[in-house]
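**Student:** Got a sequence here, can you model it:
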Amino acid sequence: MSYYRYSSSSYYRPSFFGGFKFFPTVIKALLISNVGIFFFTSFFGLFSIQGLPLSAIINMIFPLYPLGEGFEIWQIFTYMFMHGGFMHLFFNMFALWMFGMELENSWGSRKFFVYYMMCGLGAGLTNLFIAPIFGPTAPTVGASGAVYGILLAFGILYPDRPIFLYLLLPIRAKYFVIVYMLLELYAGVTGTQDGIAHFAHLGGAAVGLIYLLLERYGYSIDKFFPRSGFRYVGGGKSASGGYEYTSSDRRNVSDANFFDIHDEDDRINQARIDEILDKINQNGYQSLTEEEKKILFEASKKLN
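**Tutor:** As a prediction, this is how the structure comes out:
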């Protein structure tokens, strides 16, 4: 395991080897889909149908239009996968990977996916209903609103993590997030005409904050969403031969005592393992009973 030190504080960060994935399931899917859609629309946008460029048709259907100006209900979802240029796409995807990788590894893929989509939808709704109060709005594209929700969660869960501005200047994550949010708020309220949907960014962060606050007080929103095929088992093999789970709050994770299961009548079947993996994906490793931990341990020995 790896420990990093920043000023007078130290923190744990799991190794990339073992259970900590460099490209977790949802982030990998989001990167592939966003990049694929960008190049797909860019390529087919070069062609025309009866003299009408396909790029114009794409730009009429998928971006998020203001209410009454070409708005369609599906645009609240599709706008997150459209980008205005390569650099717009690059910085959004880089930030998603940089700040989201550890969140997905800690939370599990299902919870991360629900959080990301809720922040993106919240950003779109904010841009529809609140942004027009402060000035004229235009069609909106990009995953920035959802990414700002990821950024906010990173700053709350890892407040003392160093972030290097321009790869040189270290700043704690909590201060980085605060400064970014204040700049967005100032630009949105003053009606800065820079072509950036500032209230969409703030909306994504606000929805993320509400989600995290509700979770802190015992209300889990993602349980209301249907289960998906995403699964993630955190942790990697430790020096002692056991398995460990990496979480944003390691105080809640206790060491499991494992015992061999010799009773042939208690054979582990795949359905039972899938059930346990779903439970980890939804509530984390710490929610498992001792029996479930033993089953996973026995299954891991068989795989090895």
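
**Student:** contacts and neighbour counts: CA atoms only from here.
**Tutor:** Fine.

**Student:** Which parts of the stretch 51-200 of the chain are strands?
**Tutor:** 52-53, 162-165, 169-172 (DSSP state E, counting those that start in this stretch).

**Student:** Which residues does the shortest one contact?
**Tutor:** Residues external to strand 52-53 that are found in contact with it (CA atoms under 8 Å, 6 or more residues apart in numbering): 45-47.

**Student:** Try it again at 10 Å.
**Tutor:** Outside strand 52-53, the residues that touch it by CA atoms under 10 Å, 6 or more residues apart in numbering are 44-47.

**Student:** got the contact list for stretch 33-47?
**Tutor:** Residues outside stretch 33-47 that contact it (CA under 10 Å, 6+ apart) are 27, 29-32, 53-59, 80-86, 89-90, 92-93, 142-143.

**Student:** Filter those residues down to the ones in helices?
**Tutor:** 27, 29-32, 54-59, 86, 89-90, 92-93 (DSSP state H).

**Student:** For the residues you listed, I'd like a selection string for PyMOL - just the buried members, please.
**Tutor:** Provided next is the PyMOL selection string for whichever of the ones in helices among the contacts of stretch 33-47 are buried by 16 or more other CA atoms under 10 Å:
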select buried, resi 27+30+31+54+55+59+89+92+93
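
**Student:** circling back: and Gly155, which of the strands of the stretch 51-200 of the chain is closest to it?
**Tutor:** Nearest of these to Gly155, taken as CA to CA: strand 169-172 at 8.4 Å.

**Student:** what separates the closest one from the chain centre, distance-wise?
**Tutor:** Its chain's average C-alpha position is 22 Å from that of strand 169-172, according to CA atoms, centre = their mean, to the nearest Å.

**Student:** could I have it exported to CSV, CA atoms only?
**Tutor:** Output of strand 169-172 as CSV, limited to C-alpha atoms (Å, rounded to 0.1, in the frame of the first residue of the first chain):
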residue,chain,number,x,y,z
LEU,A,169,1.7,24.6,-7.6
PRO,A,170,0.2,22.3,-4.9
ILE,A,171,-3.1,23.1,-3.4
ARG,A,172,-5.4,21.1,-1.2
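
**Student:** List the strands paired with it, with their directions.
**Tutor:** strand 162-165 (antiparallel) (DSSP bridges).

**Student:** rank the strands of the stretch 51-200 of the chain by pLDDT, which is bottom?
**Tutor:** Among the strands of the stretch 51-200 of the chain, strand 162-165 carries the lowest mean pLDDT, a mean of 81.

**Student:** Walk me through the domains of the protein.
**Tutor:** Using automatic domain parsing, the domain parsing of the chain gives 19-224, 250-303.
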